[in-house]
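K.L.:
here's my sequence, what's the structure:
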Amino acid sequence: MNLASTPSAGATGPSWVLVVIAVLVSGLLLAGPALRRRYPVAWWLLLGFPAAAFRVVRTWRALMAGCGLAVSRRPALTVVSGLVGNGAPPPLPRVPRPGLIRPTSGGFLLLVRLLPGQVPEDFVKAAPAMAEDWQVHAVRVTSWKPGVVRITASAADPLAAPRVPKQRGPGHLLRVTVGALETGTTWVVDLRRVPHWLIVGATRSGKSTLINALVAGMAPQPVALVGIDCKGGMELSLYEQRLSALATNREQAVRLLTALVDLTLDRMTVCRAARVRNIWGLSDKERPVPVVVIVDEIAELFLVASRNEKDEAQAAGTALIRLAQLGAALGVFLVVAGQRVGSDLGPGVTALRAQLGGRVCHRVADPGTAEMALGDLNPDALKAAQAITPEQAGTAVLASGDGWERARSHLITEAEAEAVAAEYAHLTPVLSELHVEAP
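P.N.:
Below is the predicted model:
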């Protein structure tokens, strides 16, 4: 009796395990849509990523062969085997060896070792095919180190509805979270790391929203904000309560920029006397307040209709270039924005562009502006910017010497911008040397 019952008891344990597993899987599948809406990261790690990893493993060899990334093991032997091999199949081609597939919050990544003769550009061309076969939103391929590429996949478009918490409190000095990157991580503008930025974009492309996010993030910090808006202050007057100075026409802008150059020269004298290379080497008591200069619609500074205006434009351009050259070490940072930025505005614009290491390109109305913003940094970034559609307001391509990314700024409305300026108006430093009223 006992002997007869023993196998049944042994079979009961595994069967219960299978039932429990089936119930759990069924529950996850039924709760999948709700889980995906409320807890997208948990859904991805529990359901989305295992399925995507299975597709990568299943399609890898065929995908590599179809994209021309497989290499024959023995070309000569392949020919001979077809002639005298008695029907024996030729040896399978070699394919690049993938590493461990690692999940991210909204996708996955893996490292791939290249075969002899392959270059990263071969994999960049295959990225659309990878995204199609793996059923993901997008695939980015970057060089990781010599002989190895990094493949990053995004399961869905993280820029469709970026979840970026609003910044509260001062945070890190001169560092602002303004939106989300395509990788799912936060988009941070750090002026200590990249001190000067060029932001371009057509009307309703998201340029003003990004400036709102920048000012809202800087307002709680112990910095001076200076505005130059030659369209009569239509844009930057929203933050006037938090601005240490505001120029609303080109004549005022020239005087303000000249005063800023004098301010940097004074700071240079202070640093030289203290035998330090920049203001960050000074003590907290001696260190002057950082100044962030926001120039909206740069074309208004350079467009000329008379000889007098030409002299003003040249003076403004020269002052901006000097600030860009000297400012990073002396605590003066530039954020230059415009709908149209091209070489037709004069050689001063091209010279200024060379000093602005950070670039943000939204949808633009002419290819020349995109070329001016990104063409000298990365041709792939330029193509990505030119592919932005009018429906993708807020989406931009940002680039610097470190590479490029697609991003989307966090929405800060005009009412919110005015509220932030009023809330932190008491933090506005008084810089008497930047007084711009007519004498």
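
K.L.:
which ones are touching the spatially closest residue to residue 365 that is not a sequence neighbour?
P.N.:
Of all residues not flanking residue 365 in the chain, residue 202 sits nearest, at 4.3 Å (C-beta to C-beta, 6 or more residues apart in numbering). Where C-beta positions appear, they are placed from N, C-alpha and C, glycine not excepted. Residues in contact with residue 202 (C-beta atoms under 8 Å, 6 or more residues apart in numbering) are 339, 362-365.

K.L.:
just send those back as JSON lines, with secondary structure too.
P.N.:
Shown next, in JSON lines, are the contacts of residue 202 (DSSP: H, G, I helix; E, B strand; the rest coil):
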{"residue": "339", "secondary structure": "coil"}
{"residue": "362", "secondary structure": "coil"}
{"residue": "363", "secondary structure": "coil"}
{"residue": "364", "secondary structure": "coil"}
{"residue": "365", "secondary structure": "coil"}
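
K.L.:
out of those residues, who's the most crowded?
P.N.:
residue 362 (31 neighbours; other C-beta atoms under 10 Å).

K.L.:
roughly how far apart are it and residue 141?
P.N.:
24 Å (C-beta to C-beta, to the nearest Å).

K.L.:
check residue 156 too.
P.N.:
19 Å.

K.L.:
alpha carbons of stretch 392-412, as PDB, please.
P.N.:
Presented in PDB, the C-alpha positions along stretch 392-412 are these (Å, rounded to 0.1, in the frame of the first residue of the first chain):
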ATOM      1  CA  GLN A 392       6.700  66.400 -31.700                       C
ATOM      2  CA  ALA A 393       6.700  69.800 -30.000                       C
ATOM      3  CA  GLY A 394       9.300  69.900 -27.200                       C
ATOM      4  CA  THR A 395      11.400  67.100 -28.800                       C
ATOM      5  CA  ALA A 396      14.900  68.100 -29.600                       C
ATOM      6  CA  VAL A 397      18.300  66.700 -30.300                       C
ATOM      7  CA  LEU A 398      21.100  67.800 -27.900                       C
ATOM      8  CA  ALA A 399      24.700  67.500 -28.700                       C
ATOM      9  CA  SER A 400      28.100  68.300 -27.200                       C
ATOM     10  CA  GLY A 401      31.600  67.000 -27.400                       C
ATOM     11  CA  ASP A 402      30.400  63.900 -25.400                       C
ATOM     12  CA  GLY A 403      27.900  62.800 -28.100                       C
ATOM     13  CA  TRP A 404      24.200  63.300 -28.900                       C
ATOM     14  CA  GLU A 405      20.800  62.300 -27.600                       C
ATOM     15  CA  ARG A 406      17.100  62.800 -28.400                       C
ATOM     16  CA  ALA A 407      15.300  64.600 -25.600                       C
ATOM     17  CA  ARG A 408      12.100  66.400 -24.600                       C
ATOM     18  CA  SER A 409      11.800  69.300 -22.200                       C
ATOM     19  CA  HIS A 410       9.400  69.300 -19.200                       C
ATOM     20  CA  LEU A 411       6.400  71.500 -19.800                       C
ATOM     21  CA  ILE A 412       6.600  74.800 -17.900                       C
END
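
K.L.:
what lies in contact with it?
P.N.:
142, 159, 162, 164, 166, 177-183, 187, 194, 201, 204-206, 209-210, 212-213, 216, 357-363, 373-374, 377-378, 380-381, 384-385, 388, 420.

K.L.:
stretch 224-238 too?
P.N.:
208, 211-212, 215, 218-219, 239-240, 242-250, 253, 256-257, 260, 289-297, 300-301, 414, 417-418, 421, 428-429, 431, 434.

K.L.:
looking at these, which are in strands?
P.N.:
243-247, 291-296 (DSSP state E).

K.L.:
where does this protein have its least confident helix or strand?
P.N.:
Across the helices and strands of the chain, mean pLDDT, DSSP states H and E gives its lowest value to helix 75-84, namely a mean of 52.

K.L.:
contacts for stretch 340-353 next, please.
P.N.:
With C-beta under 8 Å, 6+ apart as the criterion, stretch 340-353 contacts 198, 200, 298-299, 302-303, 313-314, 317-318, 320-321, 324, 336, 364-366, 368-369, 372-373, 376.

K.L.:
now do the buried residues in that stretch.
P.N.:
Under the neighbour-count criterion of 16 or more other C-beta atoms under 10 Å, stretch 340-353 has 340-342, 345-346, 348-349, 352-353 buried.

K.L.:
just the ones of those residues in helices?
P.N.:
348-349, 352-353 (DSSP state H).

K.L.:
which of those lies closest to residue 61?
P.N.:
residue 353 (46.0 Å; C-beta to C-beta).

K.L.:
residue ranges with poor pLDDT in the stretch 51-200 of the chain?
P.N.:
For the stretch 51-200 of the chain, the stretches with pLDDT under 70 are 73-91, 161-171.

K.L.:
in it, what residue spans correspond to strands?
P.N.:
Listed in chain order, the strands found in the stretch 51-200 of the chain under DSSP state E, counting those that start in this stretch are 97-98, 102-103, 107-113, 138-145, 148-154, 175-181, 186-190, 196-200.

K.L.:
having no further points to raise, I will conclude here.
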